[in-house]
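*Asks:* okay, sequence plus prediction incoming.
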Amino acid sequence: MSQTLHAPQPYQSGRLARIIDGLRYGGGVGQWSWLAYRLSGLGILFFLVIHITDTFFVVFAPDWYDHTVAIYGGVWFNGQYYWPLRWAFRVGELGLIAAVVFHAVNGVGVILYDLWPRGSLYKKSITWTVQVVFWTIMLISTPIVLYPLRKAPDDQVKSPAHAGSSVEPALISPSR
Amino acid sequence: MAERSMRRRMKPSGGYELFMWFFMRYSGLALVFLAVGHLFIMHILNNVETINYAFVANRWTAPRTGWIWRLWDVSLISLAVIHGFNGLRQVLYEYLSAGGRIIAGTITWTLTLIFIGGGGYSILMFQADEKFIKDHPLKIERTVEPAAIPPAALDGSARIDVRC
């Protein structure tokens, strides 16, 4: 029985195979940062499209703008404050910061590699420096972004004046 | 495998793709300053919970510094939209045949023009709605001493320098 040697098959049969193939960079150190670079770029573009649209409200509907931005702070269209909404947007905000910072720092690495004549000699150092700079920035900014979650926003705290009111007080973060 | 990875990293040999290759790198360098700076101002120095219409109006119509922030934001939007949609185009091109590439290129460049136009319009054509600002003034963070807040900031009758 002889073993048949198959010629390498082109990876491009079928759409799914092509998409999986497209997620591969060639392995090695660059694989994960290449994938994270690409996904963070697409994620930032998605946010950018939403952000340009919501900012467009400032020219013709200031109240739409205020209602939209209030959602990021956990206030729904009915004026009610929901802490899980606010927490979800804070975590999303952190994700946005992480995506932008990673894309920026890794992008500087790519620029060094591509445009600096000696860049290709320092590929490994560039990869490690990108990791160190990214995690340093995230370690500093994560507490700053999450710190306000320790208590409800000032205008959502139940004040003594409203204590006897029949109006249902806004939901307050359990961490208070 | 090595052959594929070499091909991916290769610089385009000329023309439109080479121009965009350089554009991605130089605009990326500018965006490190513009986009990371914008994030730092909005999410670290300020806070999404204090940003509202009055904040935007104070920022863009401040008598001395307003034009700087409008210039910053127009540059940021233009470079970011081209950079982002060109990146999407490059990703799509890897999966598409010649016919699909023409469609993908047309759609991404059309969206680029729409979003630069819309974003640029809202930044450059913005005029503050004074009545709305009076009813919905700046939200100053309560960590600021009440005496330190100029009364004009609270009734919206004058522009103050927001932290931006």
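*Replies:* Alright, I've got the coordinates. Residues are numbered from 1 along each chain as shown, chains lettered A, B, ... in the order given.
*Asks:* just checking the longest helix anywhere in chain A against chain B, any contact.
*Replies:* Identified as the longest helix of chain A according to DSSP state H is helix A:83-115. Yes: contact between helix A:83-115 and chain B is present through A:89, A:93, A:96-97, A:100-101, A:104, A:107-108, A:110-111, A:114-115 (criterion: Cβ under 8 Å from any Cβ of the partner chain). C-beta here means a position set from N, CA and C on the backbone, and glycine is covered the same way.
*Asks:* give me the mean pLDDT for that helix.
*Replies:* For helix A:83-115, mean pLDDT is 94.
*Asks:* buried ones only from the residues of helix A:83-115 next to chain B, please, as a ChimeraX command.
*Replies:* Only the buried entries of these go into this ChimeraX selection, using 16 or more other Cβ atoms under 10 Å in any protein chain shown:
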select /A:89,93,96,97,100,101,104,107,108,110,111
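*Asks:* so A:Phe77 makes contact with A:Trp64?
*Replies:* No: taking Cβ atoms under 8 Å as the definition, A:Phe77 is not a contact partner of A:Trp64, at 10.2 Å.
*Asks:* more crowded one of the two?
*Replies:* A:Trp64 (14 against 9; other Cβ atoms under 10 Å in any protein chain shown).
*Asks:* so what's residue 86 closest to, chain neighbours aside?
*Replies:* Reading this off chain A. Spatial nearest neighbour of A:Arg86, excluding adjacent residues (Cβ to Cβ, 6 or more residues apart in numbering or on different chains): A:Gly74 at 2.7 Å.
*Asks:* that answer is for a different chain, and I need it for chain B
*Replies:* Nearest one to B:Asn86, counting by Cβ to Cβ, 6+ apart, is B:Met20 at 5.6 Å.
*Asks:* low pLDDT regions in chain A?
*Replies:* Of all residues in chain A, those with pLDDT under 70 make up the ranges A:1-15, A:18-29, A:154-176.
*Asks:* now tell me what touches stretch B:109-125 from outside.
*Replies:* A:48-49, A:52-53, A:55-56, A:58-59, B:60, B:70, B:73-74, B:77-78, B:81-82, B:85-86, B:89 (Cβ atoms under 8 Å, 6 or more residues apart in numbering or on different chains).
*Asks:* got phi/psi on A:Val75?
*Replies:* Here is the backbone geometry of A:Val75 (degrees, to the nearest 10): phi -100, psi 120.
*Asks:* give me the distance between it and A:Gly41.
*Replies:* 31 Å (Cβ to Cβ, to the nearest Å).
*Asks:* and if you look at B:Ile44?
*Replies:* Applying Cβ to Cβ to B:Ile44 and A:Gly41 gives a distance of 22 Å.
*Asks:* those two: who's more crowded?
*Replies:* Using other Cβ under 10 Å as the criterion, B:Ile44 and A:Gly41 rank with A:Gly41 on top: 22 against 13.
*Asks:* and the more buried one, what does it touch?
*Replies:* When contacts are counted by Cβ under 8 Å, 6+ apart, A:Gly41 touches A:103, B:84, B:87.
*Asks:* check which helix or strand covers it.
*Replies:* Assessed by DSSP states H and E, A:Gly41 sits inside helix A:30-60.
*Asks:* so after the strand or helix carrying B:Gly87, what's the next helix or strand?
*Replies:* Secondary structure assignment for B:Gly87, by DSSP H and E: helix B:66-93. Using DSSP H and E, the helix or strand that follows helix B:66-93 in sequence is helix B:98-124.
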